[in-house]
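Colleague: sequence isn't available, so here's the structure alone:
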């Protein structure tokens, strides 16, 4: 039976959970994700876990926060003056905003508080500081695209 190898394009069904069992993402009721092994499109440890699997194989994968989105950094949470945000931007708790740093790199920020003329923004990835648990199933090996 063919096994997934580096440079293969594969399709994978998955369910991602937090330590307490909360599902944070799943391909259930959707198409499986498709990616090229070695292209670093998904979390590296999750990508590596597909190598050697055959179509129909299932696996459980545990990924520490350090191997996923890293620890939370409290200095990535900042309160700014509302005036620096474009006036037509809706500011609700949980809203994702995109900002550009001085080097022109985009960064996602999440609104965590709106108080008077200030807005508190969190630059951490929403899953930073979380250990992740995945149930995966290899659905298809499309091709070795090298």
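Modeller: Structure received. What you see is a predicted model, and the numbers here were worked out from it, not measured in a lab.
Colleague: secondary structure element for the nearest residue to residue 58 once chain neighbours are set aside?
Modeller: Excluding the flanking residues, the one nearest residue 58 by CB to CB, 6 or more residues apart in numbering is residue 137, at 4.7 Å. Heads up, the C-betas are built off the backbone N, CA and C, glycines and all. Assigned by DSSP states H and E, residue 137 belongs to strand 132-144.
Colleague: equivalent analysis for residue 60, please.
Modeller: Here residue 60 sits within strand 58-63, counting by DSSP H and E.
Colleague: so after that strand, what's the next helix or strand?
Modeller: Following strand 58-63 toward the C-terminus (DSSP H and E): strand 77-81.
Colleague: roughly how far out does the helix or strand just after that following strand sit from the chain middle?
Modeller: Note on strand 77-81: by DSSP H and E, the next helix or strand toward the C-terminus is strand 96-100. Strand 96-100 sits 16 Å away from the centroid of its parent chain (CA atoms, centre = their mean, to the nearest Å).
Colleague: buried ones in strand 96-100, by neighbour count?
Modeller: Residues residue 97 are the ones in strand 96-100 that count as buried (16 or more other CB atoms under 10 Å).
Colleague: and if you look at stretch 77-86?
Modeller: Buried-residue list, stretch 77-86, by 16+ other CB under 10 Å: 77, 85.
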